[in-house]
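Peer 1: sequence plus predicted model, see below.
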Amino acid sequence: MGINGNSDGSQLYAIETNEHFWTCSKSIDILISIFKKHELKYQSTIINNMDKEKININEINFAIPIFTDFDSPITSITDAPEIHCL
C-alpha cells in the first residue's frame, strides 16, 4: 500500500474540513477575543464619525450577527454560520 492509496491501487480521498477549529475551546476563546476587540473598534468608528446632530446614538443597532454570534456558546461550526464563511 502506498502513502496515498489502498493496497488495490485505488486512491484514498478525505474530505477536508475545519470543524476541529470550531470545536476546540482554545480556538474559540481566541476568536472571541479577536471579534470582541473588533466589535468595540466598529462601534467606536461609527460613534466617532456619525453626524451627532442627525443621528441619535441610542437608535443605532449594533447587534450584528458577526459579533453577536459570540454571545452564545459555540460548540460547532453550525453555531456561528456568519463567522465560518469569512
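Peer 2: Cool, the structure landed. These numbers come from a predicted model, not from an experiment. Residues are numbered from 1 along each chain as shown.
Peer 1: lowest-pLDDT helix or strand in this structure?
Peer 2: Sorted by mean pLDDT, DSSP states H and E, the helices and strands of the chain end with helix 81-84, the least confident at a mean of 70.
Peer 1: ok, residues contacting that one?
Peer 2: Judged by CB atoms under 8 Å, 6 or more residues apart in numbering, the contacts made with helix 81-84 from elsewhere in the structure are 18, 22, 31, 35, 65, 66, 69, 70, 77. No exception for glycine: its C-beta is placed from N, CA and C like everyone else's.
Peer 1: mind running it again at 10 Å?
Peer 2: Identification of contacts with helix 81-84 by CB atoms under 10 Å, 6 or more residues apart in numbering yields 18-19, 21-22, 31, 35, 64-70, 74, 76-78.
Peer 1: quick one, helices of the chain?
Peer 2: Listed from the start of the chain, the chain has helices (DSSP state H) covering 19-23, 25-49, 65-68, 81-84.
Peer 1: any low-confidence regions in this protein?
Peer 2: 1-12, 77, 84-86 (pLDDT under 70).
Peer 1: repeat that with 50
Peer 2: For the chain, the stretches flagged by pLDDT under 50 are 1-2.
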